[in-house]
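>>> Sequence first, then the predicted structure, then my questions.
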Number of protein chains: 2
Amino acid sequence: MSIPAQVRELKVWEKLMRKAEDFSRPEKHLRHIIRDKERFKHFSVKGGGIFFDFSRQRLDSSVMPLLFSLAEERNIKARFAAMMKGEKVNNTEKRAALHTASRSFSDKSLYLDGEDVLPEIKRIRQKIRLFSEKVRQGEIRGCSGKRFRHLVVIGIGGSYLGTQFVSRALNAYADREMQIHFLANVDIHNFACVASRIDPESTLWIIISKSYTTAETLANTRQAYAFMEQNGIDPAGHVITVTAKGSPGDDPANPVLASFHMFDFIGGRYSVTSAVGGVPLSLYLGYENFEHFLKGAEEMDLHTLQAPAGENLPMIAALIGIWNNNFLAYPAQGIIPYAEPLADLAAHVQQLYMESNGKSLTAQGEPVGVPTGTIIFGEPGTNAQHSFFQLAHQGRPFPIDFIGVIRPQYEQYGAQSKGVTNHQELWANLISQPEALAVGKEDTENPARSFSGNRPSSTILLEDLSPENVGRLLAFYEHRTVFEAFVWGINPFDQFGVELGKKLAAGVREEMAARNRDVSRSFENTDPISRFYLDSLFSGKITDY
Amino acid sequence: MSIPAQVRELKVWEKLMRKAEDFSRPEKHLRHIIRDKERFKHFSVKGGGIFFDFSRQRLDSSVMPLLFSLAEERNIKARFAAMMKGEKVNNTEKRAALHTASRSFSDKSLYLDGEDVLPEIKRIRQKIRLFSEKVRQGEIRGCSGKRFRHLVVIGIGGSYLGTQFVSRALNAYADREMQIHFLANVDIHNFACVASRIDPESTLWIIISKSYTTAETLANTRQAYAFMEQNGIDPAGHVITVTAKGSPGDDPANPVLASFHMFDFIGGRYSVTSAVGGVPLSLYLGYENFEHFLKGAEEMDLHTLQAPAGENLPMIAALIGIWNNNFLAYPAQGIIPYAEPLADLAAHVQQLYMESNGKSLTAQGEPVGVPTGTIIFGEPGTNAQHSFFQLAHQGRPFPIDFIGVIRPQYEQYGAQSKGVTNHQELWANLISQPEALAVGKEDTENPARSFSGNRPSSTILLEDLSPENVGRLLAFYEHRTVFEAFVWGINPFDQFGVELGKKLAAGVREEMAARNRDVSRSFENTDPISRFYLDSLFSGKITDY
């Protein structure tokens, strides 16, 4: 597929620029355009099992065709299909990006380098099912015969945030006897907190690292082994690994209870539906729930692959993202779920989106020429209303994704306040905030109480917080992210940007290790700034300089 | 004090604009300017008990004097002194902003409307001390004679985020037998989760609301009372309130175990050092630790009041904030503590800063004329490195506050990986990230591995995570926020921006309550968008439209 090196060279890009100028006119204020009675019907869409309302975005029927033609000129749908078929869309690392295969229940083959990858994916899924059932039924127990009641997930970034998001979203489905703890940060405080909350004899450690060389994960694993040793626990009976075949975590010389493989064709931030999420989530929620979650994600995959542009939720969301970012020039986006169980969604999408789309070069190594990924942040509503929504209403504007859930997980608390239940109160706010942001309100007598409005948002609706719907939501954000990358022509699957810091840290670590070996060693050969920090760390106080 | 209506009319503003242009030249790239051996000495400062390194900000000795002269022309130091003296700096609400008084241990008087406010503040502090000691020593117990072991804090926004930040930062100091739970979100899931974790007979409910009319807090309080009733618990023995004198929460007709007053001269987001934080934190950490925390905050208050501009940490940080925002045009700021216990700092500062400075009008009701508050977001390092730092290094840049802690709270886990302890590994990264961001690295052979650098950051150092240092850090961010507001001439103490949404929600709530009373009622008189959401909520599924 041939794509112009720079998206801004396209004629449609030019047209969209002019259209954006048009939208600065007062007549295009949201308070006017949403008055149209047909507005909601034309700017909302249901698909893949969820609902997407973009009637409060700053666009109209003259904008959407231009965005769709941009999508067409950039071939984004064909590229998505290529991704799902196993083409090496991660060109800088010469890899496929087959996270969709990890939730495929298709009977067809999926060839990558001449080999069908689905049988191995399904074999691992089956292994997860059997292992997690045995643990949950008490057939596999800790060395002293106690049932496993604590899961400690050691992993960082892509081996952590997605699983944390899903386990919190679905904790109403979890076994009440099972607790899950995350050990991501290398800060020893993280380890100490987890250690103080677990019973060593009933703890199963799940170490997740593709390469098994991630510094933080190795350091926490080292602490975990020392802790087991102090408590007389044999790691061979209390540790499982999720890692690439043949990595140091998959070495018979270091026996573990079980090892589950991950593949180089699934990137960390896209790996929740692989063994990375599958192992801890099946242990915590039960394999059946994990499978329902996969099926929801698969449904969204197929919707995204098949639905025409005008009905394609992730594509529309991506094109609105591009419109808001490149044409209306919003530098950030809020994600505000009106559902406390989705409290970690923003942190997951922050990683997914910012690591995927925080690039300045195209996949071919040329400057993109336009701004790429924006900053993603968020907190659940209504909390966010009492926190940073002052700025959303009267400060510099940013677009927001609101997320609503029709049926709550808990129906038994029916007490009413001001004539409504808690869930209704939540929805009164979910309904009102997008409107207040869009419409605003002038107050000429008291300007401090004036609201300029014209602040865009979308609303995503789920019927409930079932595993299926959480899977759909996860896949929705994955595909939206990838579609935006395809418009810009960047590679959303690499992350070379994290390497320089890692490399410099290796040098500093070497300085520290040398000092640990020889306390007389000074840091006088390092630069003055690093030297101050090293001296402060090793002396235990802010040093003079 | 006379201040020009618009800050941009100042000559120094003009000069700073030209200086910012100068900083777009390649010679002003951070990789060059930090080569100066004296750089660190000249662009770092210790004061108020903490250390602030701004050597990696994009400024030099020609910028700082302009920023200081901007501060002088805007009278920000005098305005800060006026604030601390009780002048009505919250002019739109005709109130003082005396959060500094809530941690004052001064023997001098502090008159507000002719009355010394300090004796009452100290009386409440004393009441908190006595009450919390009696609870912690088991003198005050639940109705069935059980000791209180669970604290449930019901409150939202300013009655919640600061206390959550501090309780997490200091949980190493907490009584191991005491658990703290936060019930902020009106989502019933929040209540259900808390209810599943507590023992009703040993639970103390702390209801925090100045007006005692906040919808979310009332709804959760209503659930709590229903829960107590179901469990045969008398609220008079299990509820305490923190509220304004004479509010519905301070009414003898609704007897509670104790009631602590808050004042209209302390705003929610600045109230952590008042009874709002004092009651739950003293119960959780012990009053002595709370007092140490207050003393740290007071030390930073006095530093900020007294230190000359060139040594004044919050003032320098605020001026850098203005420089990055208004002159270098960064729309957001990251807060990245390399300390897991500070994980909730970003959420607290997000509220503190965005609610204070997300305004478009000056305190006099005129347009500010320049962008005001930016977006604040963050996660702890090293987690953030594996999440969104790709964008920080290779996507659109944003300034960052790094925060380091020299001595960890836990010394007993000494296992080493790659020759260093976990705490050293953490610091290897803390030292390397600001450098990598600033310096960058060209890679002409492989452009995907090129780093443009020139990405600014500051680093704040604390010697440890003691209550004093957490108090210092809290006050540092409060004062930095207020100083920026004073430069723009906005009022950082009101929040009219939250009112429109509240008002619309009241209308929607009324519709819902009417429907609860009469199930035959339809929503056909509401606008088509609201109607869809109301129909979906009441039918339990995504309705056709």
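Right, received. Where do you want to start? Residues are numbered from 1 along each chain as shown, chains lettered A, B, ... in the order given.
>>> ok, longest helix in chain A?
helix A:467-488 (DSSP state H).
>>> And stretch A:14-34, what's buried?
A:Lys15, A:Leu16, A:Lys19, A:Ala20, A:Phe23, A:Lys28, A:His29, A:Leu30, A:Arg31, A:Ile33, A:Ile34 (16 or more other Cβ atoms under 10 Å in any protein chain shown). (Glycine included, C-beta is placed from N, CA and C.)
>>> And the helices in the stretch 401-545 of chain A, which stretches?
Shown for the stretch 401-545 of chain A, the helices assigned by DSSP state H, counting those that start in this stretch span residues A:422-439, A:467-488, A:499-517, A:528-539.
>>> picking up where we left off before, might you specify the subset of the buried residues of stretch A:14-34 located within helices?
Using DSSP H, those in helices are A:Lys15, A:Leu16, A:Lys19, A:Ala20, A:Leu30, A:Arg31, A:Ile33.
>>> Could you list the low-confidence segments of chain A?
A:1-5 (pLDDT under 70).
>>> If we use 50, what do you get?
A:1 (pLDDT under 50).
>>> Kindly report the domain assignment for it.
A:7-73+A:307-409+A:416-441+A:449-494, A:114-292, A:497-539 (automatic domain parsing).
>>> Save the ones you listed as JSON lines, and put in distance to chain B too.
Below are the domains of chain A laid out as JSON lines (distance: least, Cβ to the nearest Cβ, whole Å):
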{"stretch": "domain A:7-73+A:307-409+A:416-441+A:449-494", "distance to chain B": "2"}
{"stretch": "domain A:114-292", "distance to chain B": "3"}
{"stretch": "domain A:497-539", "distance to chain B": "3"}
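>>> if we can go back for a sec, any idea how far the longest helix of chain A is from the chain center?
How far helix A:467-488 lies from its chain's middle: 9 Å, per Cα atoms, centre = their mean, to the nearest Å.
>>> one step back: with distance to B:Glu468 as extra columns, can I get the helices of the stretch 401-545 of chain A in CSV?
Converted to CSV, the helices of the stretch 401-545 of chain A look like this (distance: least, Cβ to Cβ, whole Å):
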stretch, distance to B:Glu468
helix A:422-439, 39
helix A:467-488, 42
helix A:499-517, 28
helix A:528-539, 18
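>>> Would you mind giving those helices as JSON lines with mean neighbour count added?
Below are these laid out as JSON lines (neighbours: other Cβ atoms under 10 Å in any protein chain shown):
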{"stretch": "helix A:422-439", "mean neighbour count": "26"}
{"stretch": "helix A:467-488", "mean neighbour count": "26"}
{"stretch": "helix A:499-517", "mean neighbour count": "18"}
{"stretch": "helix A:528-539", "mean neighbour count": "20"}
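>>> What is the nearest of the buried residues of stretch A:14-34 to A:Leu534?
Ranked by distance to A:Leu534 (Cβ to Cβ), the buried residues of stretch A:14-34 are led by A:Ala20 at 49.8 Å.
>>> which residue packs closest to the closest one, ignoring adjacent ones?
A:Phe327 (3.8 Å; Cβ to Cβ, 6 or more residues apart in numbering or on different chains).
>>> who's in contact with the one you found?
A:Phe327 makes contact with A:Leu16, A:Met17, A:Lys19, A:Ala20 under the criterion Cβ atoms under 8 Å, 6 or more residues apart in numbering or on different chains.
>>> Tell me how many other residues surround A:Lys94.
A count of neighbours around A:Lys94, defined by other Cβ atoms under 10 Å in any protein chain shown, yields 8.
>>> residues in contact with the nearest residue to it once chain neighbours are set aside?
Closest residue in space to A:Lys94, ignoring its immediate chain neighbours: A:Lys88 at 5.7 Å, by Cβ to Cβ, 6+ apart. Neighbouring residues of A:Lys88 by Cβ under 8 Å, 6+ apart: A:Lys94, A:Arg95, A:Ala96.
>>> How far off centre is stretch A:89-104?
Using Cα atoms, centre = their mean, the offset of stretch A:89-104 from its chain centre is 17 Å.
>>> buried stuff in it?
A:89-90, A:92-93, A:95-104.
>>> of all those, which comes closest to chain B?
Ranked by distance to chain B (Cβ to the nearest Cβ), these are led by A:Thr92 at 5.2 Å.
>>> pretty sure that closest one is in a helix, no?
Yes. Secondary structure of A:Thr92 (DSSP: H, G, I helix; E, B strand; the rest coil): part of a helix.
>>> thought it was touching A:Gln495?
No. A:Thr92 is beyond contact range of A:Gln495, at 10.0 Å (criterion: Cβ atoms under 8 Å).
>>> List the contacts of A:Phe389.
A:Phe389 neighbours (Cβ under 8 Å, 6+ apart): A:Gln433, B:Gly497, B:Val498, B:Gly501.
>>> same question but for A:Leu183, I mixed them up
A:Val152, A:Val153, A:Ile154, A:Gly155, A:Asn190, A:Phe191, A:Val194, A:Asn220, A:Ala224.
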